[in-house]
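Colleague: Quick one: sequence and predicted model below, then my questions.
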Amino acid sequence: METVTKRDLVIKLSNKTGIGQAEVLNVLETMMETITSELASGNAVVMRNFGSFQVREMKGKVGRNPKNPGQDMKIPPRAIVKFKPGKEMKERVARILPLIQQGQ
């Protein structure tokens, strides 16, 4: 399996829609900035058939200091982003398992 970069997405979207790459890049970056801003404001972002992004609280806990394993250190609570895939995405991704196993 390969990694698809933002540049790859821009090229694919441009070829698929006939819109110039500069305009596609602008739309993609604006979309990512808008999603980030909404999440930073505590709002959930839901895109039907794709998935939803939600802000969750990661509770504080006591961990180990990697430089001094005998010493405990307190890890404070923090906000994290969780992505929950939509039904259509889950179904399409689930179909690739046989393809992945064949590639091994």
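Modeller: Ah, there it is. Worth saying up front: this structure is predicted, and the values here are computed from it rather than measured.

Colleague: Please identify which helix or strand holds residue 54.
Modeller: Assessed by DSSP states H and E, residue 54 sits inside strand 51-58.

Colleague: I'd like the next helix or strand past that strand.
Modeller: Counting by DSSP H and E, what follows strand 51-58 is strand 61-65.

Colleague: Need the residues that contact that following strand.
Modeller: 71, 72, 73, 74, 75 (Cβ atoms under 8 Å, 6 or more residues apart in numbering). Any C-beta I mention is one placed from the backbone N, CA and C, and that applies to glycine too.

Colleague: Buried residues, the longest helix seen in the chain. List them.
Modeller: Ranked by number of residues, the top helix in the chain under DSSP state H is helix 21-40. By 16 or more other Cβ atoms under 10 Å, the buried positions in helix 21-40 come out as 24, 25, 39.

Colleague: Summarise which helices and strands that helix is packed against.
Modeller: Applying 3 or more Cβ pairs under 8 Å, 6 or more residues apart in numbering; DSSP states H and E, we find helix 21-40 packed against helix 6-17, strand 45-47, strand 51-58.

Colleague: how far off helix 21-40 does the longest one point, in degrees?
Modeller: Think helix 6-17. Angle between the axes of helix 6-17 and helix 21-40 is 120 degrees (criterion: axes from the mean of the first three to the mean of the last three Cα atoms, to 10 degrees).
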